[in-house]
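Asks: model the structure of this input:
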Amino acid sequence: MSLDCNTENGRRYISYQHLCLQSFCAAKKVGYATTADTSDADVDAILWRSSIVGVAEVKTRNLTHQQLSGFGSYLVTFAKLEKLRSVAKSLRCPGLLLVYLIPETKTVWWKVCDSQGEWTVDVKVERTSTQATCNGGTAMRDNAYLPVSLMKC
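Replies: Residues are numbered from 1 along each chain as shown. Below is the predicted model:
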């Protein structure tokens, strides 16, 4: 079975993830190393200066900042946040969720957990049916809703 990240559309979204990391890390003056983008790694990147300063899950959405703000929250698969939190706790660094907004070539982000793995945002979890992947389909799963009020630009 081929992973969505290895389809033509998936590779397009992965290229946006790389742009997201490049711009975010340049702005924050941190280096980064990506995990394999052709498999299902637990995090997408490790951020560093002289040592590890964070781990990141990177998402790409075809939304503007205004459209995303209008939802009041950002929906992400809860299992992704749990994996991010686990890696962050293991490496004793914060876990970040970065979201690249394609129309504006802009990154918004949340500090999801601290270096002890404690949530730093109010994570509301609900079992819902959502689009499965960038290639469509639907999936019934536990999804987290992060408040846009805690989103940073």
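
Asks: can you pull the contacts of Lys106?
Replies: For Lys106, the contact set (CB atoms under 8 Å, 6 or more residues apart in numbering) comprises His65, Tyr100, Cys153. No exception for glycine: its C-beta is placed from N, CA and C like everyone else's.

Asks: closest one of those to Asp142?
Replies: Nearest to Asp142 among those, counting by CB to CB, is Tyr100 at 23.6 Å.

Asks: re earlier: by neighbours, which of the contacts of Lys106 wins?
Replies: Among the contacts of Lys106, Tyr100 has the most neighbours (other CB atoms under 10 Å), with 25 neighbours.

Asks: name the element that residue belongs to?
Replies: strand 95-101 (DSSP states H and E).

Asks: only alpha carbons, please: show that strand as CSV.
Replies: Output in CSV follows, covering the C-alpha atoms of strand 95-101 (Å, rounded to 0.1, in the frame of the first residue of the first chain):
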residue,chain,number,x,y,z
GLY,A,95,6.7,20.2,20.7
LEU,A,96,5.4,22.6,18.0
LEU,A,97,2.7,22.3,15.4
LEU,A,98,3.4,24.4,12.3
VAL,A,99,0.8,25.0,9.7
TYR,A,100,1.7,26.5,6.3
LEU,A,101,-1.1,28.5,4.8
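
Asks: ok, and what's touching it?
Replies: Under CB under 8 Å, 6+ apart, the answer for strand 95-101 is 16-17, 19-21, 24, 43, 47, 54-61, 63-65, 68, 74, 76, 81, 84-85, 87-88, 106-113, 117, 146.

Asks: what's the single longest strand in the protein?
Replies: Ordering each strand of the chain by length in residues (DSSP state E) puts strand 136-147 first.

Asks: off-centre distance for the helix-or-strand element of the chain with minimal mean pLDDT?
Replies: Least confident helix or strand of the chain, by mean pLDDT, DSSP states H and E, is strand 124-133 with a mean of 79. Taking CA atoms, centre = their mean, to the nearest Å, the mean C-alpha location of strand 124-133 is offset from the chain mean by 15 Å.

Asks: list the contacts of it.
Replies: For strand 124-133, the surrounding residues in contact (CB under 8 Å, 6+ apart) are 4, 10, 73, 75, 78, 137-145.

Asks: go through the residues you listed and name the one nearest Val121.
Replies: Nearest to Val121 among these is Ala144, at 9.0 Å by CB to CB.
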